[in-house]
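Novice: Using only what follows, build the 3D model:
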Amino acid sequence: MKLLTFAASSSRQSINKHLATYAASLVAKADIDVLDINDFEMPLYSIDRETEFGIPVLAQDFLDRIAQADAIIISFAEHNGSYTAAYKNLFDWASRIEPKVYQNKPMVLLATSPGPGGANTVLTTAASSAPYFAGEVKASLSIPSFYDNFDLVTNKLSNTELNSALTTTVNNLTENKQS
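Specialist: Residues are numbered from 1 along each chain as shown. So this is what the prediction gives:
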């Protein structure tokens, strides 16, 4: 399975990138493609920019990476209860090319934050909206209090209960589809 994973964050020290990368490593026999949304930085979307300059090629490049994947893991950072501006902008540009941004791929959605809320607000929004953009959400999980529960030296969840929950969550990507 070719597994695309990324953090919906532009932070170079993104805790969500740590979580997404670790989560992908738990998927047996996966060929992991770690995407960095900083490689897809574009001007802020507006219809005026689109009309004047067209859609940046980076938006198509992002869609191509999704197309090449069999499944997707995204970990969402939360800014003021919502998506980061960097992710929302990338998503907005890509959706102008292909409204079904997630291209019917099975997905696991994650989120984490330094606080006890674990970015659950943005995760709830992402999980409820992904099907409108052809995302097949298999499972989602919020990891609260990242620095208390993740070991940055080993790059693994140190909380055994959360680690078990994450393993169960990502295993939903490889389970057989049921009708």
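
Novice: Show me where the chain has its helices.
Specialist: Secondary structure of the chain by DSSP state H: the helices cover 15-25, 47-53, 57-67, 85-97, 120-129, 146-149, 160-171.

Novice: Can you say which of these is nearest to V137?
Specialist: Proximity to V137 (Cβ to Cβ) singles out helix 120-129 among the helices of the chain, at 5.4 Å. For the C-beta atoms, the positions are set from N, CA and C on the backbone; glycine is no exception.

Novice: Could you list the low-pLDDT ranges of this structure?
Specialist: 176-179 (pLDDT under 70).

Novice: check contacts around S25.
Specialist: I32 (Cβ atoms under 8 Å, 6 or more residues apart in numbering).

Novice: of the helices of the chain, which approaches S113 most closely?
Specialist: helix 146-149 (6.4 Å).

Novice: Can you give the contact residues for stretch 153-167?
Specialist: Applying Cβ under 8 Å, 6+ apart, the external contacts of stretch 153-167 come out as 18, 21-23, 26, 110, 141, 143, 148-151.

Novice: Only the C-alpha atoms, please, for that stretch, written as CSV.
Specialist: C-alpha atoms of stretch 153-167 as CSV (Å, rounded to 0.1, in the frame of the first residue of the first chain):
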residue,chain,number,x,y,z
VAL,A,153,13.6,11.2,21.3
THR,A,154,12.1,7.9,20.1
ASN,A,155,9.4,9.6,17.9
LYS,A,156,6.7,7.4,19.4
LEU,A,157,3.7,7.8,21.6
SER,A,158,4.8,7.1,25.2
ASN,A,159,1.3,6.7,26.6
THR,A,160,0.5,3.0,26.1
GLU,A,161,-3.3,3.6,26.1
LEU,A,162,-3.1,6.3,23.4
ASN,A,163,-0.6,4.2,21.4
SER,A,164,-3.0,1.3,21.5
ALA,A,165,-5.9,3.6,20.3
LEU,A,166,-3.7,5.0,17.5
THR,A,167,-2.7,1.5,16.4
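
Novice: Nothing else from me, thank you.
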